[in-house]
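# kindly return the folded structure for what I paste below:
(2 chains)
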Amino acid sequence: ETGVTQTPRHLVMGMTNKKSLKCEQHLGHNAMYWYKQSAKKPLELMFVYNFKEQTENNSVPSRFSPECPNSSHLFLHLHTLQPEDSALYLCASSQDGPSDPGGYTFGSGTRLTVV
Amino acid sequence: GQSLEQPSEVTAVEGAIVQINCTYQTSGFYGLSWYQQHDGGAPTFLSYNALDGLEETGRFSSFLSRSDSYGYLLLQELQMKDSASYFCAGLYSNYQLIWGAGTKLIIKP
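Below you'll find the predicted structure:
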């Protein structure tokens, strides 16, 4: 148990489907993040929420839509994805925002396959 | 842009010592973190160096040299459970962590 829980662990979806990824943390952290992890590539930061406000959107396509209803929950809504979006999607949280390099707690990720 | 370079794969023998290097770009650099990720698992934080020198935590140590723009993770008394991917990540002045592509550590008995 890492303190950050992601569901589902695996997801297969067609390109016309709509699905959502869920992330939950009860660590009392103030910042939450979505990362994309592809094989042999650096982790790509997608979105940052600091005190429930989105502070970063790293040029992510609009087919990915984040939602942060409270400081403990983060969603990533997916629609009309492409096969190249297949990857491991990681959620993370930290106490003091993006400038806290040692305090990132990650979930185990959702393995997404787009067919 | 900012990027970090680390070897894609390192092989070592159980009980030995291994060093995983990471080079980074200096503009706006604050410090260097290391994370461990087992297959199918979550990345977990190992260490953070903001100052030059060696930081030791049990069998793992991390080193930073700002003058050489590089750091390394040193793993001693390797155990099979240390087989994992190791990521360096640089904290920069735009408050983003920039990640390396990861080093897969293979340990042989």
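
# and stretch A:101-115, how far from the chain's centre?
6 Å (C-alpha atoms, centre = their mean, to the nearest Å).

# near chain B at all, that stretch?
Yes - Stretch A:101-115 lies within reach of chain B by C-beta under 8 Å from any C-beta of the partner chain, at A:P101, A:G102, A:G103, A:Y104, A:T105, A:F106, A:G107, A:S108, A:G109. The C-beta positions use only the backbone N, C-alpha and C, and glycine is treated the same way.

# just the CA trace of stretch A:39-47, in CSV.
Extracted C-alpha coordinates of stretch A:39-47, given in CSV (Å, rounded to 0.1, in the frame of the first residue of the first chain):
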residue,chain,number,x,y,z
ALA,A,39,8.6,2.4,-22.2
LYS,A,40,12.2,3.7,-22.2
LYS,A,41,11.1,7.3,-22.0
PRO,A,42,11.2,9.8,-19.2
LEU,A,43,8.0,10.3,-17.2
GLU,A,44,5.9,13.0,-18.8
LEU,A,45,4.1,15.4,-16.6
MET,A,46,0.5,15.9,-17.8
PHE,A,47,-1.3,17.9,-15.1
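
# still on that earlier bit, which of the residues of stretch A:101-115 next to chain B ranks first by neighbour count?
A:G107 (27 neighbours; other C-beta atoms under 10 Å in any protein chain shown).

# pull the contacting residues for it.
Applying C-beta atoms under 8 Å, 6 or more residues apart in numbering or on different chains to A:G107 gives the contacts A:T2, A:V4, A:T5, A:Q6, A:C23, A:L90, A:C91, A:A92, B:A42.

# what's the pLDDT at the last one?
At B:A42, the predicted lDDT confidence score is 93.

# what sits against the closest residue to it other than its chain neighbours?
Using C-beta to C-beta, 6 or more residues apart in numbering or on different chains and skipping residues adjacent in sequence, the residue nearest B:A42 is A:F106, 4.1 Å away. Shown in contact with A:F106 (C-beta under 8 Å, 6+ apart): A:T2, A:V4, A:Y35, A:L90, A:C91, A:A92, B:Y35, B:A42, B:P43, B:T44.
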